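Participant: Here is the input, now give the coordinates:
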Amino acid sequence: MSPKNVLISGVEYMVSAPTGRDYMESIEMKDFEKACFFILRNVTINGEPAFDSLETVQDSPLALLLNLESVVSSLLEYEIPDPT
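Facilitator: The predicted model follows:
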């Protein structure tokens, strides 16, 4: 899966797909914590982590988290080619 660039409020984020290791490390987490964990692990700005800690992610505006989470989630799905 190719990483995706997303521009939110003038900031360009690079979002990469979570790995199997990310999934295994998050298996005991509840939904919101898991989404924040994936954002922490897979979102960068100019090649640097976008967030310092899970707490920093959780303290971010919900609108930002929902936008980033939708991009992370889209990278968990493979594109299915049109058979026609």
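Participant: Give me the contact list for stretch 14-24.
Facilitator: With contacts defined as C-beta atoms under 8 Å, 6 or more residues apart in numbering, stretch 14-24 is touched by 1, 3-6, 37-38, 41-45, 47, 68, 71-72, 75-76. Where C-beta positions appear, they are placed from N, C-alpha and C, glycine not excepted.
Participant: Can you list the buried residues in that stretch?
Facilitator: Met14, Val15, Ser16, Ala17, Pro18, Asp22 (16 or more other C-beta atoms under 10 Å).
Participant: same deal with stretch 26-35?
Facilitator: Buried residues in stretch 26-35, defined by neighbour count with 16+ other C-beta under 10 Å: Ser26, Lys34, Ala35.
Participant: and the one helix or strand Ser70 maps to, what does it pack onto?
Facilitator: Remark: Ser70 resides in helix 62-74, with elements defined by DSSP states H and E. Secondary structure elements in contact with helix 62-74, counted by 3 or more C-beta pairs under 8 Å, 6 or more residues apart in numbering; DSSP states H and E, are strand 4-8, strand 11-15, helix 31-42.
Participant: remind me which residues of the chain are low pLDDT?
Facilitator: Applying pLDDT under 70 to the chain flags no residue at all.
Participant: Please report phi then psi for the residue lying closest to Val11 once chain neighbours are set aside.
Facilitator: What sits nearest to Val11 in space, not counting adjacent residues and going by C-beta to C-beta, 6 or more residues apart in numbering, is Ile45, at 6.5 Å. Main-chain torsions, Ile45, degrees, to the nearest 10: phi -130, psi 120.
Participant: same question, Gly10
Facilitator: phi 80, psi 0.
Participant: from the buried residues of stretch 14-24, which single one is nearest Pro61?
Facilitator: Val15 (16.9 Å; C-beta to C-beta).
Participant: looking at it, the residue nearest to Val11 is touching Tyr13, isn't it?
Facilitator: Yes - using C-beta atoms under 8 Å, Ile45 is in contact with Tyr13, at 6.0 Å.
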